[in-house]
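J.: just to be clear, the model below is a prediction. Sequence and coordinates:
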Amino acid sequence: MSSLTPDQPSKSGAMTPGSIATQLSKLDLPAPTNLKLSLPSSAKSPSEPNTASTAPPTTSALSPLSAGTDDTGDISGPEPEAIVVARHKARSESMSEQLSERLAQMKLPQPERIFGPDEGESAAAKETSQGEGRQGVNPDEWEKLKLGEDYQVPEAVKEPVRMSHSRHASRAESALPKEPTIKETVEPSTSTSSGHDVAKEQKVTPFDVEGGVDSEGKSLGIDYEKLTKRFGATLIDQGLLDRFERLTGHKPHPLLRRGTFYSHRDLNIILDRYEKGQPFYLYTGRGPSTGSMHMGHLIPFMFTAWLQRVFDVPLVIQITDDEKYLLERDVKKQVELMKTIKAKKPIELLRYYKKMGQDNMKEVIACGFNPEKTFIFSNLSHMGGTFYENVTLMAKCITQSQSRNVFGFTESDNVGMFHFAAIQATPSFCNSFPQIFGTRDDIPALIPCAIDQDPYFLVTRDAADRLQYKKPALIHAKFLPALQGAGTKMSASKENTAIFVTDDAKKIAKKIKSHAYSGGGATQEDHKKNGGNPDVDIAYQYLSFFEEDDAKMESLAKEYRAGTLSTSEMKQACIDKLQEVVAEFQKNRAVVTDESLAYFQDPTRKIDPRPKSKTQAAATAAA
């Protein structure tokens with residue numbers, strides 16, 4: 001059955017729009033009158049000669065009559081202002097781009113320098129050009145060109161500013177602060193403190209750690225002296241260590257006296273408070289990672305537990321389970337993780353990180369903290385109350401340009417990454433924990449952390465003054481290098497770069513023997529003749545983190561340099577020590593129960609922040 005054409009009526013007899021239009025076109029209607037419309041003088045009919053005319057415009061229905069009446073007959077209404085502005089902007093930008101393109105194509109002569117009477121080309125150049133070199137103006141004319149003594153050179157000429165009029169120009173450049181929060185130290189040359197030429201500079205941020213590379217492609221490791229200058233921290237010297245021992249009665253931890261914890265901010269102020277019996281507390285944290293912690297994670301917790309025993313002060317430990325979800329830039333990696341854990345929604349992935357944090361928390365507890373003076377909390381579980389009040393205060397103190405400058409964030413990073421700095425800063429303020437400090441806000445924190453975390457607390461210290469809080473003090477640690485050598489740190493995602501706290505004795509031995517970078521000679525004969533270098537030997541480096549006996553470390557280094565201690569013997573000494581440390585840790589981890597986990601996380605549990613008297617502290621140390 002054929003369909004109806006637009007002009008045919010329907011079966012019910014109703015006319016279609018097409019048939020109505022056809023009927024209307026056949027009607028002989030009179031022309032409209034009194035509409036007061038006119039044709040602009042610029043509009044000519046094809047048959048009209050192209051000559052100027054002074055005759056009044058003829059009446060037409062093409063455009064409104066603008067003279068003599070407000071009734072234009074235009075029933076369409078005025079054009080929206082936003083459309084007019086957008087059209088003008090588009091036209092202006094189009095003209096600017098066309099002009100720029102035309103200027104770029106023009107072969108304009110380059111401006112020549114005006115030479116003074118004693119200037120011009122060099123003698124060699126004049127001889128080469130056979131006297132045709134540029135000649136300076138004569139002295140009389142030169143005097144006329146000189147500017148008066150009171151003439152001021154415009155600032156724009158002194159320091160020209162890049163103009164960004166194009167709509168394609170980045171707004172990020174104008175948002176960056178002129179004075180960076182972390183000031184770069186101007187280096188006199190592209191060489192390290194050891195004299196090596198640097199082809200690629202080191203990179204140390206809270207998210208990436210890469211050592212420098214020399215001109216031959218060899219890794220230079222991390223230049224900690226240069227890094228300390230860049231961050232504006234202070235090296236821990238022997239005088240500070242002597243004062244620590246004198247006040248506490250404890251010999252500094254091997255990690256302190258051997259320079260693993262090597263720089264600080266206001267550690268001397270913390271010692272002042274300890275000497276006067278004034279309160280302070282410790283703060284550290286952990287970003288949960290897949291599986292278990294490795295030895296690099298273990299070091300700051302072991303050191304913090306030792307500090308708690310020495311000072312006998314409260315400790316707060318932040319588990320940043322939200323960080324692991326927010327700060328993962330590799331979307332594909334998270335997609336693969338969701339497939340692995342069979343998560344169908346992002347909320348399931350977030351809860352996976354939360355569970356991972358709880359598992360890591362049990363490993364943290366196994367490091368030997370005092371349960372009566374330690375509070376451990378998960379960001380995803382604890383956020384709220386006075387803690388979130390300080391998050392809000394801190395968030396307003398951090399600008400977007402600061403985050404870009406300090407952390408290297410870009411426009412493509414999610415807002416949670418920008419905001420996380422406020423969350424990590426908040427435990428630095430004592431009133432975030434009313435169950436410990438009540439409403440007091442004048443008690444500072446001491447934060448042991450790896451040097452790559454310092455940017456977070458540099459921003460925190462800047463904001464503390466504005467919030468009228470105490471600035472946190474810090475002790476910075478070097479990185480535990482990967483098994484493959486200096487230049488990077490251990491990675492939880494790379495099995496053969498690290499010793500994990502879950503590795504058994506056999507796996508520890510295999511990793512050290514197979515993957516630990518050696519500072520020994522290329523052959524046994526070469527090693528006996530020329531000796532080895534313990535400063536780059538990974539087995540010796542690992543021993544220095546965990547071996548208490550200084551005499552033993554000195555003996556190992558001396559014999560290794562002399563060639564009387566072989567590489568295999570050095571590795572075996574390291575294996576024995578690591579197996580001992582890991583076995584002790586695994587023993588402590590086995591007794592951590594869900595009940596003890598809940599006890600450490602109880603936010604209603606009161607913790608006494610008062611420091612013990614010197615007599616009580618001495619008795620505790622003796623016990």
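T.: Sure thing, it's come through.

J.: quick check: residue 406 touching residue 459?
T.: Yes. The pair residue 406 and residue 459 qualifies as a contact (C-beta atoms under 8 Å) at a distance of 5.9 Å. Backbone N, C-alpha and C define where each C-beta goes, glycine included.

J.: the two: who's more crowded?
T.: Neighbours per residue (other C-beta atoms under 10 Å) separate residue 406 from residue 459, with residue 459 holding more: 25 against 22.

J.: for that one, give me its contacts.
T.: Shown in contact with residue 459 (C-beta atoms under 8 Å, 6 or more residues apart in numbering): 181, 398, 402, 406, 421, 425.

J.: where does the fifth one sit, in terms of helix or strand?
T.: So that's residue 421. Secondary structure from DSSP states H and E places residue 421 in helix 415-425.

J.: of the contacts of residue 459, which is the most crowded?
T.: Ranking these using other C-beta under 10 Å puts residue 425 first, with 27 neighbours.

J.: grab the nearest non-local neighbour of it.
T.: Closest residue to residue 425 apart from its sequence neighbours, by C-beta to C-beta, 6 or more residues apart in numbering: residue 460 at 3.9 Å.

J.: and the one you found, what does it touch?
T.: Per C-beta under 8 Å, 6+ apart, neighbours of residue 460: 394, 425, 428, 471, 472.

J.: can you rerun that using 10 Å?
T.: 394, 397-398, 421-422, 424-429, 445, 447, 467, 469, 471-472, 474 (C-beta atoms under 10 Å, 6 or more residues apart in numbering).

J.: which ones among those map onto strands?
T.: The strands, defined by DSSP state E, take in 445, 447, 474 from those.

J.: and the helix holding residue 421, what's buried?
T.: Neighbour counts over helix 415-425 (16 or more other C-beta atoms under 10 Å) mark 417, 418, 419, 420, 421, 422, 423, 424, 425 as buried.

J.: just to revisit the earlier point, got TSV for the ones in strands among the contacts of residue 460, with pLDDT too?
T.: Listed next are the ones in strands among the contacts of residue 460 as TSV, based on pLDDT from 0 to 100:
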residue	pLDDT
445	97
447	96
474	95
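
J.: where along the stretch 201-350 of the chain do the helices fall?
T.: Secondary structure of the stretch 201-350 of the chain, counting by DSSP state H, counting those that start in this stretch: helices at 224-231, 238-248, 254-257, 267-276, 295-311, 321-326, 331-340, 346-365.

J.: now the last one: average pLDDT?
T.: In other words, helix 346-365. Taken as a whole, helix 346-365 carries a mean pLDDT of 92.

J.: same check on the fourth one?
T.: With pLDDT averaged residue by residue, helix 267-276 scores 95.

J.: who's in contact with that helix?
T.: Outside helix 267-276, the residues within contact range by C-beta under 10 Å, 6+ apart are 234, 236, 239-240, 243-244, 246-248, 261, 264, 266, 278-280, 282, 307, 310-313, 443-446, 470-475, 611, 614, 617.

J.: in PyMOL, how would I select the buried members of the residues you listed?
T.: Listed next is the PyMOL selection for buried residues among the contacts of helix 267-276, using 16+ other C-beta under 10 Å:
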select buried, resi 236+240+244+248+261+264+266+279+280+282+307+310+311+312+313+443+444+445+446+470+471+472+473+474+475+611+617
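
J.: so where's this structure shaky on pLDDT?
T.: Across the chain, the ranges flagged by pLDDT under 70 are 1-14, 31-87, 89, 93, 107-221, 290-291, 486-493, 612-623.

J.: repeat that for 50
T.: Judged by pLDDT under 50, the chain has its weakly predicted residues at 42-48, 51-75, 121-134, 147-151, 153-189.

J.: shouldn't residue 248 be in contact with residue 310?
T.: Yes. Shown here, residue 248 and residue 310 form a contact pair, counting by C-beta atoms under 10 Å, at 5.2 Å.

J.: return the member of the buried residues of helix 415-425 nearest to residue 453.
T.: Taking C-beta to C-beta as the measure, residue 453 sits nearest to residue 424 out of these, at 8.2 Å.

J.: what are the phi and psi values for the residue lying closest to the closest one once chain neighbours are set aside?
T.: In space, and not counting its chain neighbours, residue 424 is closest to residue 456: 5.0 Å by C-beta to C-beta, 6+ apart. Main-chain torsions, residue 456, degrees, to the nearest 10: phi -60, psi -40.

J.: same for the helix holding residue 421, what does it pack against?
T.: helix 321-326, helix 379-382, helix 385-397, helix 400-407, helix 454-467 (3 or more C-beta pairs under 10 Å, 6 or more residues apart in numbering; DSSP states H and E).

J.: between the ones you listed, which gets nearest to residue 294?
T.: helix 321-326 (15.7 Å).

J.: hey, C-alpha coordinates of the closest one in CSV?
T.: Extracted C-alpha coordinates of helix 321-326, given in CSV (Å, rounded to 0.1, in the frame of the first residue of the first chain):
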residue,chain,number,x,y,z
ASP,A,321,44.3,3.9,52.6
ASP,A,322,42.6,6.8,50.8
GLU,A,323,46.0,7.9,49.3
LYS,A,324,46.5,4.6,47.5
TYR,A,325,43.3,5.0,45.6
LEU,A,326,43.7,8.7,44.9
